[in-house]
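>>> Here is my input, please return the structure:
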Amino acid sequence: MEDRRILALIIAMGVVILGLGGYIGYLKLFPQKVENNKTTIDNVSVDLNNFYQIGETLERLDSAFNDEHSTFYGYIYNQKKVEVSSMDPALALYITIQKDMVGSNTERFLIGANVRQEFEKIFGKNATYTPSSLSLGNNYNVFYEPTTENFAYVAPIKNNIYPPSYGTINMKTVLEDDKVIVTRKVFFVEYGGNTEGGIDMTKAIIYKSPDKSTLLGEVQLKNGVYNQKEVLGKYGSKFATFDYTFTLEKDDTYSLYSITASK
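Numbering: from 1, shown residues only. Sure thing, here's the model as predicted:
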């Protein structure tokens with residue numbers, strides 16, 4: 001009986017050793033994510049955190065140019081090319097702060113140091129931070145206070161949860177030695193349904209552009225949103241295409257360089 005117990009123990013230890021050896025071999029063949037979160041794609045070493053930063057910049061652009069109360073509503077989608085180096089400083093500042101402004105009947109504030117930090121994260125060396133007051137539309141103003149370097153603003157309250165807007169769909173991302181190029185499809189969408197006031201809409205109406213001269217079709221909403229794959233599959237060939245180019249900074253981050261219409 002004792003011999004059997006010893007034999008079983010030896011077999012169990014052998015299984016553990018074999019399993020550990022297999023796990024070590026797996027780690028050598030398939031290395032796990034390292035602390036600095038770097039990886040190599042097409043022989044280019046990148047920090048994956050920087051792709052999240054690019055995604056955040058794209059979100060700020062989408063938010064800024066879908067603000068129907070602003071004079072910059074849809075601005076970049078009506079241009080052949082927008083280069084950051086020659087961009088209107090007011091436009092660059094607006095892109096930086098729009099997503100952080102809250103609609104209110106009372107004056108609110110943005111801390112200047114935070115605005116500058118966000119500006120430099122978005123544009124890097126491609127633009128110079130130039131704080132100023134902004135007039136964005138009827139009763140839509142931003143006031144720069146030089147003494148405190150902060151911004152005071154009054155932004156409109158958004159009453160329509162389904163406003164007409166520009167839809168964007170990411171198609172591909174190309175990584176080069178010193179730049180990242182994100183290609184996106186852009187279209188215009190309105191919402192409709194049985195209930196007035198934009199509260200309980202049931203369908204998205206897809207147009208090629210905001211002048212609505214070319215109606216492409218409709219898709220049904222599910223849980224209040226449209227399916228991007230369905231929209232792209234049905235109408236994507238008719239959409240405008242834009243390339244968003246980001247250039248590499250000294251700290252290995254990527255900053256917005258240009259937005260170019262490619263189709």
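>>> in this structure, which spans are helices?
Taking DSSP state H, the helices of the chain run over residues 2-29, 49-64, 89-97, 112-123, 228-235.
>>> Show me what the third one is packed against.
Judged by 3 or more Cβ pairs under 8 Å, 6 or more residues apart in numbering; DSSP states H and E, the packing partners of helix 89-97 are helix 49-64, helix 112-123, strand 134-137. C-beta: built from backbone N, CA, C; applies to glycine.
>>> If you average pLDDT over each of the helices of the chain, which is lowest?
Among the helices of the chain, helix 2-29 carries the lowest mean pLDDT, a mean of 43.
>>> Now do the same contact list for residue 150.
Contact partners of residue 150, counting by Cβ atoms under 8 Å, 6 or more residues apart in numbering, are 109, 110, 111, 112, 144.
>>> Tell me how many other residues surround the second one.
What it means is residue 110. The number of residues packed near residue 110 is 19, by other Cβ atoms under 10 Å.
>>> in the sheet, who's paired with it?
Counting by DSSP bridges, residue 110 is bridged to residue 151.
>>> Please tell me how far it sits from residue 261.
Look at residue 110 and residue 261: by Cβ to Cβ, to the nearest Å, they are 31 Å apart.
>>> With the first one instead?
Taking Cβ to Cβ as the measure, residue 109 falls 36 Å from residue 261.
>>> and the gap between residue 151 and residue 246?
26 Å.
>>> follow-up on the earlier one: what would the contacts of residue 150 look like in CSV with distance to residue 80?
Listed next are those as CSV, based on distance: Cβ to Cβ, whole Å:
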residue, distance to residue 80
109, 37
110, 32
111, 36
112, 34
144, 31
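>>> Of all pairs in these, which one is the farthest apart?
Using Cβ to Cβ, the contacts of residue 150 span at most 12.3 Å, a distance reached by 111 and 144.
>>> wait, doesn't residue 141 sit right on residue 156?
No - using Cβ atoms under 8 Å, residue 141 makes no contact with residue 156, being 10.6 Å away.
>>> So which of those two has more stuff around it?
The residue with more neighbours, out of residue 141 and residue 156, is residue 156; 18 against 15, by other Cβ under 10 Å.
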